[in-house]
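*Asks:* what would the 3D arrangement of this be:
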Amino acid sequence: MDAALELFAEKGFSATRMADVAKKAGISKGTLYLYFDNKEAIFRSVVQEMILPQVDQHDAMIANYTGSAESLLRELLHGWWQAVMETKLSAIPKLIISESGNFPEMAEFFVKKVVLRSRQTFIKVIQYGIDKGEFKPCNPITAARLAIAPLVHASIWMHSLKAFDENHSDEDYLELHINLLLQGLSS
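*Replies:* Residues are numbered from 1 along each chain as shown. This is a model prediction of the structure:
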């Protein structure tokens, strides 16, 4: 799965062949087919074994949280950044967006398994802040989408145009995003 993820990030999903994955993993193509029927099956495994545990971890973090909504939202955004942006998983958003037209089933799978669940986690945190009076009343679904969108943008940027932008700081980007988001939500 690590080999496939690296190749998907480097070459794109369409251009990556099963033979490429096998070679990168140091196994025969036949051995690869013992475990995966096709690239889509590898992608599903990457999601299920590398991404969904992160989503589960974030859900568990907020389940019994009793502190401030601001702290929880900061922790959630930093956790997402560490789990995705600082790992090979950061290539997945660009991969999904660029390949969704060619592989709609893969995009639908990702949306159902990752996007909607992650959004629901952010919705819960934002609703928690509204209920506690820390955040002003707003549509938590829209607020959750706005909380996530800059993270997805940063991921796409990282795997496309960042190499041409010498004045870009990922840490500054994240901190400014969190501060602006919290200023907008704070009551």
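
*Asks:* hey, let's count contacts and neighbours off CA atoms from now on
*Replies:* OK.

*Asks:* how about the lengthiest helix in the chain: buried residues?
*Replies:* Looking across the chain with DSSP state H, the single longest helix is helix 140-158. Neighbour-count burial for helix 140-158 flags 140-141, 143-145, 147-148, 151-152, 154-156, 158 (criterion: 16 or more other C-alpha atoms under 10 Å).

*Asks:* so for the nearest residue to Tyr65 once chain neighbours are set aside, what's the pLDDT?
*Replies:* Among residues not flanking Tyr65 along the chain, Leu72 sits closest, at 7.8 Å (C-alpha to C-alpha, 6 or more residues apart in numbering). Looking at Leu72, its pLDDT is 95.

*Asks:* next structured bit after the host helix or strand of Leu72?
*Replies:* For Leu72, the host element (DSSP states H and E) is helix 69-80. Downstream of helix 69-80, the first helix or strand assigned by DSSP H and E is helix 92-99.

*Asks:* can I have that following helix written out in PDB, keeping just the CAs?
*Replies:* Extracted in PDB, the C-alpha atoms of helix 92-99 (Å, rounded to 0.1, in the frame of the first residue of the first chain):
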ATOM      1  CA  ILE A  92      -5.000  11.700  -1.600                       C
ATOM      2  CA  PRO A  93      -7.200  14.900  -2.000                       C
ATOM      3  CA  LYS A  94      -5.400  15.900  -5.200                       C
ATOM      4  CA  LEU A  95      -5.600  12.300  -6.400                       C
ATOM      5  CA  ILE A  96      -9.300  12.100  -5.800                       C
ATOM      6  CA  ILE A  97     -10.100  15.400  -7.400                       C
ATOM      7  CA  SER A  98      -8.000  14.800 -10.500                       C
ATOM      8  CA  GLU A  99      -9.200  11.300 -11.000                       C
END
